[in-house]
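Undergrad: Need a 3D model of the following:
(one chain, ligands or ions: 2)
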Amino acid sequence: MPKALITGITGQDGSYLAELLLKQGYDVVGMVRRTSTVNFHRIAHIQNKVQIVLGDLLDQFSLVHILEEYQPDEVYNLAAQSFVPASWNQPVFTGEVTALGVTRMLDAIRIVNPNIRLYQASSSEMFGKVVEVPQRETTPFYPRSPYGAAKVYGHWITINYRESYGLHATSGILFNHESPRRGLEFVTRKISYHAALIKLGRADELRLGNLDARRDWGFAGDYVKAMWLMLQQDEPDDYVVATGETHSVVEFLEAAFGCVNLDWHDYVVQDPKFMRPAEVDLLVGDPSKAGKKLGWEPTVSFPALVEMMVQADIDLLEKGEKAL
Ligand code: NAP
Ligand code: GDD
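TA: Numbers count the residues shown, from 1 in each chain. Ligands and ions are numbered 1, 2, ... in the order given. Predicted coordinates:
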């Protein structure tokens with residue numbers, strides 16, 4: 001039975017990836033950091049099928065000890081401080097986790113067992129103020145936030161360990177991917193959740209920042225499949241994973257409020273608090289390499305994704321469950 005270690009298993013992607021790997025017959029180990037209250041809501045349904053181990057990307061020895069004890073064949077490094085606005089509030093912390101955390105993991109692999117395959121969660125946020133449309137593996141980076149800059153470091157150190165030590169270390173440059181398990185602070189989930197709240201009469205406004213930003217939004221369940229496919233290749237490489245379509249925040253609003261037969265103009269208030277010091281205006285990826293080499297393609301369209309998220313939030317609220 002192959003064994004995989006997932007860092008960030010309590011996050012959106014970690015939960016979908018754990019489900020996928022369990023289905024493929026993997027022994028799954030999930031690394032979690034110590035918190036004062038348990039935050040396993042995304043993996044509650046599979047908690048008895050995975051092994052949970054305490055560790056932190058800030059703590060080099062915890063990574064070494066976990067690799068020594070569990071001897072995984074594959075490591076999926078999904079852990080990060082992943083919320084872009086928080087990276088301006090905590091730029092050094094973001095660099096420690098999202099950038100140097102990658103080096104800590106790479107070095108742990110190099111020391112314990114250089115045959116372990118690594119997936120690094122790189123990001124389309126690295127393209128930032130884009131110099132080419134659509135963005136592909138060869139597009140130069142121009143990060144626009146401390147988060148984006150940290151991801152560029154993580155991306156290049158992964159390539160460097162591949163070239164310096166021959167590690168099977170692969171970077172997936174994933175464009176935005178969403179789901180009902182997306183954190184409530186990200187714009188898609190903020191919109192789907194508020195559309196549901198407003199429809200059920202439990203809120204009367206939604207405060208947002210820049211409505212003109214455009215993103216290439218896909219479904220997280222599709223994107224974790226690409227991560228797994230990358231580690232099944234004989235050679236490590238870098239891959240863009242995207243839908244190839246771009247939509248604005250306004251288009252997301254139209255689709256989400258349309259699902260509940262409301263007009264978003266009646267509820268949305270623009271609030272400077274949610275504007276960013278430097279914005280990424282347009283992201284759209286070219287996933288043709290992932291299509292050709294991995295046989296990967298997205299299965300959920302933009303309207304289907306929006307509807308899935310709004311319906312899930314309506315169901316959640318109608319059941320009286322707390323949104324997390
Ligand atoms: P997420 O929901 O924010 O999950 C992040 C995970 O990292 C959580 O499990 C979190 O644990 C964990 N974590 C944070 N700091 C840690 C530390 N110091 N040590 C150990 N674990 C730590 O993010 P996601 O959307 O699933 O994204 C997964 C990865 O893909 C991230 O690296 C993100 O930057 C990257 N990415 C995401 C997207 C996207 O659109 N979703 C696109 C491109 C790249 P807690 O639960 O304890 O906070
Ligand atoms: N979060 C948020 N909240 N974003 C808003 C809001 C708001 O109230 N109003 C407008 N936006 C705009 C942001 O300015 C941004 O241009 C866009 O909506 C998307 O913001 P987020 O959903 O926060 O995602 P992100 O694109 O900044 O980052 C996500 O995708 C990256 C990949 O490109 C995160 O998942 C990153 O971790 C990931 O790397």
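Undergrad: Regarding the chain, what is its longest helix?
TA: helix 146-165 (DSSP state H).
Undergrad: what comes up buried for it?
TA: 146-159, 161-162 (16 or more other Cβ atoms under 10 Å). C-beta coordinates here come from the backbone N, C-alpha and C atoms, glycine included.
Undergrad: Then stretch 52-69?
TA: Val53, Gly55, Asp56, Leu57, Gln60, Ser62, Leu63, Val64, His65, Ile66, Leu67.
Undergrad: show me what contacts the residue of the chain found nearest ligand 1?
TA: When scored by Cβ to the nearest ligand atom, the chain has Gly11 as its residue closest to ligand 1, at 2.1 Å. Going by Cβ atoms under 8 Å, 6 or more residues apart in numbering, Gly11 touches Arg42, Leu78, Ala79, Ser82.
Undergrad: next one: Ala312
TA: Contacts for Ala312 (Cβ under 8 Å, 6+ apart) come out as Pro180, Ser192.
Undergrad: So it versus ligand 2, what's the distance?
TA: Distance, Ala312 to ligand 2, using Cβ to the nearest ligand atom, to the nearest Å: 17 Å.
Undergrad: and the closest residue to Arg202 other than its chain neighbours, what does it touch?
TA: Excluding the flanking residues, the one nearest Arg202 by Cβ to Cβ, 6 or more residues apart in numbering is Leu317, at 7.0 Å. Contacts for Leu317 (Cβ under 8 Å, 6+ apart) come out as Ala196, Leu197, Leu200, Arg202, Ala323.
Undergrad: Could you look up the SS state of the residue nearest to the first one when sequence neighbours are not counted?
TA: By that I understand Ala196. Distances taken as Cβ to Cβ, 6+ apart put Asp313 closest to Ala196, at 3.7 Å, once the chain neighbours are dropped. Assigned by DSSP: H, G, I helix; E, B strand; the rest coil, the conformation of Asp313 is helix.
Undergrad: Could you check how many residues crowd around Asp313?
TA: Residues lying near Asp313 (other Cβ atoms under 10 Å) number 26.
Undergrad: Helix or strand: which one has Leu5?
TA: With secondary structure defined by DSSP states H and E, Leu5 is part of strand 3-7.
Undergrad: elements contacting that strand?
TA: Contacts defined by 3 or more Cβ pairs under 8 Å, 6 or more residues apart in numbering; DSSP states H and E place strand 3-7 against helix 12-23, strand 27-32, helix 60-70, strand 74-77.
Undergrad: What's the local residue count around Gly166?
TA: Gly166 is flanked by 12 other residues according to other Cβ under 10 Å.
Undergrad: Quick one: the strands in the chain, in order.
TA: 3-7, 27-32, 51-54, 74-77, 117-123, 169-174, 177-178, 206-208, 214-215, 218-219, 238-241, 247-248, 268-270 (DSSP state E).
Undergrad: Distance to Thr94 and mean pLDDT for the ones you listed - can I get that in TSV?
TA: Formatted as TSV, the strands of the chain follow (distance: least, Cβ to Cβ, whole Å; pLDDT from 0 to 100):
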stretch	distance to Thr94	mean pLDDT
strand 3-7	16	99
strand 27-32	19	98
strand 51-54	22	98
strand 74-77	15	99
strand 117-123	12	99
strand 169-174	18	99
strand 177-178	20	98
strand 206-208	23	98
strand 214-215	20	99
strand 218-219	24	99
strand 238-241	22	99
strand 247-248	26	99
strand 268-270	26	98
